[in-house]
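J.: next one to model:
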Amino acid sequence: MGVVSSCCDSCFHSRRSQQYEPLLLENEREAVADLLQFLENRTNTNFFTGDPLSALTTLSFSDNVDLQRSAALAFAEITEKEVRPVGRDTLDPILFLLSSHDTEVQRAASAALGNLAVNSASDREPDNKLLIVKLGGLEPLIRQMLSPNVEVQCNAVGCVTNLATHDDNKTKIARSGALVPLTRLARSKDMRVQRNATGALLNMTHSDENRQQLVNAGAIPVLVSLLNSMDTDVQYYCTTALSNIAVDGTNRKKLAQSEPKLVTSLVALMDSPSLKVQCQAALALRNLASDEKYQLEIVKADGLTSLLRLLQSTYLPLILSSAACVRNVSIHPQNESPIIESGFLQPLINLLSFKDNEEVQCHAISTLRNLAASSEKNKTAIVKAGAIQSIKELVLEVPMNVQSEMTACVAVLALSDELKGQLLEMGICEALIPLTNSPSSEVQGNSAAALGNLSSKDGRTASDDYSAFNDVWDKPDGGMHRYLYRFLSSTDATFQHIAVWTIVQLLESGDPQLISNIRSSTLLNPSIRQLASSRTPTPTSSVGTPRSHHSQHSYQDTDTGEGQGEIQLLARRILDFVDGEGDGAIPRSVSGSHMQPGSSLDESSSGREHEELRRSVREAFGSSSHGH
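T.: Predicted structure coming up:
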């Protein structure tokens, strides 16, 4: 609006040359003269107060359209160069001009109002955005959005876009009837109008209620169609708006039913020349991938190729958005192998050490955990790619949230009988044991789950090597010995359950040194005896969960009734062995769950009960359900 100054000056001077002055009222002539003087000294003049504002106000409320035009143009130029918090005395004349029937007045007044709506007030200053809406600015702006004049449309929509950046205005705008004309103008052939309209729609997508009203106004098909726009800004606004809309499950269902080309368009935008468009496309796909249908569709649309490229970029927002998307896509079991085969393992492992952003680390390790969930082959590939070495090197130093994800991943990998020996040889116990005493109960539980899974093996053989547990019996940080004592003496039934179950696994190993360590422990045995005789239920927690980001627990919570009975029964089985004569063999009552089919133990009632108990505990420890 830099040319407005010459328009103002020439407008006033031309009236003088045309002997226009006698047609003016006395106060209008004075206002014209004053304003010309103020404009000549504009760099030192505050037009938002005193005589300058009084002159502008007089011209604004004039019945003379030419004077209104001059006032509107002056307001537009002044606010283009300087924006500050203003009061009602400034906004009232502009809002009056906004309701003019003259196109030029409308255009300039809406430009001035849009400029003032850019202002963000401090705590002590009034906010122009709020005051404009409070004084009734939305109604004339909506009328101007319906104008046949493109310039008027553009300025009016731009003003609404700015007003919609304030949270307190969003609902008022949504309820004002502005969404339907905004949606219509998003299809405008004028790119400026289109940009402003899609920007306004984006600003309306930051709350559940407003998103719903936007969907009801028919915005979804418009936004999806504009993903193919040639304008980068329009692409960005529409992609971001759809990403926000896709946060809601009901909206994702609507998108799935009505927009079959959405995923294909978003995948294509991940190859946009614009980094911000690439980033928002990946985030939109991430939100869509909260649903199973989209998890599969993204892979089918070859989205993995672009996601892998973004994951290996050097630009943090791209890394973060693609890592978040891949994590959600990896939730579906059918996507595990395609992700691994597409070459994601090494980049994901590399991101474990991405210390600049813990969210990236969490997404990467959570994805690895999901990829390991359903397949022995995938577990082996993840370990072979170096995941365990990286976790061991990093887990004691990373933030607590990342520790939780890393220990959860180890717990899932430790479910594999084929890999347990490798994991033990790598010394993973040395990293897990200190974390059983973490300030985070979740990290404690996940670490204990991993140790428990490492100690358990179906179909044990004489060649099974449990020396790794002997090596860490007393160290580091008190070793397995101190960890088991802490969990046995915990007030949390889940932790008690983990401890007695793990001790049974160690006894079943047949390792003479481990058995001797447990039998001779003056720390463990009193707690075991107490649990074996206790009938008082102890509190449970939501702890102990090898899980992915926001996923279900790997340990099922021990409830206070039946769970306490399982703890008591396991403790008694341990005592049966600890108090026995002990010849190095596992008592059949303890090892019954690993007996071969047809064993005489299966014929006894106690044996059947014990088998059910052991199966339930193994399932609790061995849950490998996908995360989110």
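
J.: isn't Leu262 right next to Leu223, touching?
T.: No: at 9.6 Å, Leu262 does not count as touching Leu223 under the criterion of Cβ atoms under 8 Å. For the C-beta atoms, the positions are set from N, CA and C on the backbone; glycine is no exception.

J.: who touches both of those two?
T.: Leu242 (Cβ atoms under 8 Å, 6 or more residues apart in numbering).

J.: neighbour-wise, which of these two wins?
T.: Counted by other Cβ atoms under 10 Å, Leu262 and Leu223 do not tie: Leu223 has more neighbours, with 26 against 23.

J.: how near is the more buried one to Asp291?
T.: Separation of Leu223 from Asp291 (Cβ to Cβ, to the nearest Å) stands at 18 Å.

J.: do the same with Cys279
T.: 21 Å.

J.: neighbour count: the two, which is higher?
T.: Cys279 (27 against 19).

J.: which residues touch the strand or helix carrying the more buried one?
T.: Counting by DSSP states H and E, the element that carries Cys279 is helix 275-288. Contact with helix 275-288 is made by 232, 235-236, 239-240, 242-243, 246-247, 252, 255, 262-263, 266-267, 269-272, 294, 298, 303, 306-307, 310, 315, 317-318, 321-322, 324-325, 327-328, as judged by Cβ under 8 Å, 6+ apart.

J.: could you list which of those belong to helices?
T.: Among these, the members falling in helices are 232, 235-236, 239-240, 242-243, 252, 255, 262-263, 266-267, 269, 294, 298, 303, 306-307, 310, 317-318, 321-322, 324-325, 327-328 (criterion: DSSP state H).

J.: could you pull up the contacting residues of Ser100?
T.: 65, 68, 72, 106, 109.

J.: list buried residues within the residues you listed.
T.: Among the contacts of Ser100, those scoring as buried are 68, 72, 106, 109 (criterion: 16 or more other Cβ atoms under 10 Å).

J.: and the two most separated of those residues?
T.: Gln68 and Gln106 (10.1 Å; Cβ to Cβ).

J.: joint contacts of those two?
T.: Counting by Cβ under 8 Å, 6+ apart, the common neighbours of Gln68 and Gln106 are 97, 100.

J.: about what we covered before: out of the ones in helices among the contacts of helix 275-288, which end up buried?
T.: 235-236, 239-240, 242-243, 252, 255, 262-263, 266-267, 269, 294, 298, 303, 306-307, 310, 317-318, 321-322, 324-325, 327-328.

J.: for this structure, give me the ranges with low pLDDT.
T.: Regions of the chain meeting the criterion pLDDT under 70 cover residues 1-22, 120-126, 535-563, 581-628.

J.: can you count the residues close to Gly137?
T.: Neighbours of Gly137 under the rule other Cβ under 10 Å: 24.

J.: in contact with it, which residues are there?
T.: Per Cβ under 8 Å, 6+ apart, neighbours of Gly137: 91, 95, 98, 113, 159, 163.

J.: can you classify the fifth one as helix, strand or coil?
T.: Put simply, Cys159 is helix when judged by DSSP: H, G, I helix; E, B strand; the rest coil.

J.: distance of it from Ala76?
T.: With Cβ to Cβ as the criterion, Cys159 and Ala76 are 12 Å apart.

J.: relative to Ser516, how far out is Met230?
T.: As for Met230, its distance to Ser516 is 76 Å (criterion: Cβ to Cβ).

J.: the more surrounded of the two?
T.: Using other Cβ under 10 Å as the criterion, Met230 and Ser516 rank with Ser516 on top: 13 against 7.

J.: please, which helix or strand holds that one?
T.: Secondary-structure assignment from DSSP H and E places Ser516 in helix 512-519.

J.: what's the offset of the helix or strand following that helix from the middle of its chain?
T.: Per DSSP H and E, the first helix or strand lying C-terminal to helix 512-519 is helix 524-533. In terms of Cα atoms, centre = their mean, to the nearest Å, the centre of helix 524-533 is set 44 Å apart from its chain centre.

J.: what's helix 524-533 in contact with?
T.: Outside helix 524-533, the residues touching it (Cβ under 8 Å, 6+ apart) are 481, 484-485, 488-489, 496, 500, 503, 518, 567-568, 571-572, 574-575, 578.

J.: tell me how far the closest residue to Gln334 other than its chain neighbours lies from Leu308.
T.: Leaving aside its chain neighbours, Gln334 sits nearest to Leu296 (6.4 Å; criterion: Cβ to Cβ, 6 or more residues apart in numbering). According to Cβ to Cβ, Leu296 stands 18 Å off from Leu308.

J.: now do Ser533
T.: Distance from Ser533 to Leu308, by Cβ to Cβ: 57 Å.

J.: among these two, which residue is more densely surrounded?
T.: Between Ser533 and Leu308, Leu308 has the larger neighbour count (other Cβ under 10 Å), namely 17 against 11.

J.: how about the closest residue in space to Leu318 that isn't next to it in sequence, what does it touch?
T.: Counting by Cβ to Cβ, 6+ apart, Leu310 is the residue found nearest to Leu318 once chain neighbours are left out, at 4.7 Å. Residues near Leu310 by Cβ under 8 Å, 6+ apart: 270, 278, 282, 318-319, 321-322.

J.: what does Asn64 give?
T.: With contacts defined as Cβ under 8 Å, 6+ apart, the neighbours of Asn64 are 23-24, 28.

J.: next one: Pro317
T.: Pro317 makes contact with 275-276, 279 under the criterion Cβ under 8 Å, 6+ apart.

J.: TSV please, covering the residues you listed and showing distance to Arg42.
T.: Shown next, in TSV, are these (distance: Cβ to Cβ, whole Å):
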residue	distance to Arg42
Leu275	40
Lys276	37
Cys279	42
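
J.: out of those residues, who's nearest Gln153?
T.: Checking these against Gln153 with Cβ to Cβ, the nearest one is Lys276 at 25.8 Å.

J.: closest one to Gly136 out of the contacts of Ser100, please.
T.: Using Cβ to Cβ, those come closest to Gly136 at Ala109, 13.8 Å.

J.: buried set for the strand or helix carrying that closest one?
T.: Assigned by DSSP H and E, Ala109 falls within helix 103-116. Residues of helix 103-116 classed as buried by neighbour count (16+ other Cβ under 10 Å): 104-116.

J.: with stretch 420-427 instead?
T.: 420-421, 423-424, 426.

J.: coming back round to it: dump the contacts of Asn64 to JSON lines, plus secondary structure, distance to Leu352 and neighbour count.
T.: Formatted as JSON lines, the contacts of Asn64 follow (DSSP: H, G, I helix; E, B strand; the rest coil; distance: Cβ to Cβ, whole Å; neighbours: other Cβ atoms under 10 Å):
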{"residue": "Leu23", "secondary structure": "helix", "distance to Leu352": "79", "neighbour count": "12"}
{"residue": "Leu24", "secondary structure": "coil", "distance to Leu352": "76", "neighbour count": "18"}
{"residue": "Glu28", "secondary structure": "helix", "distance to Leu352": "74", "neighbour count": "19"}
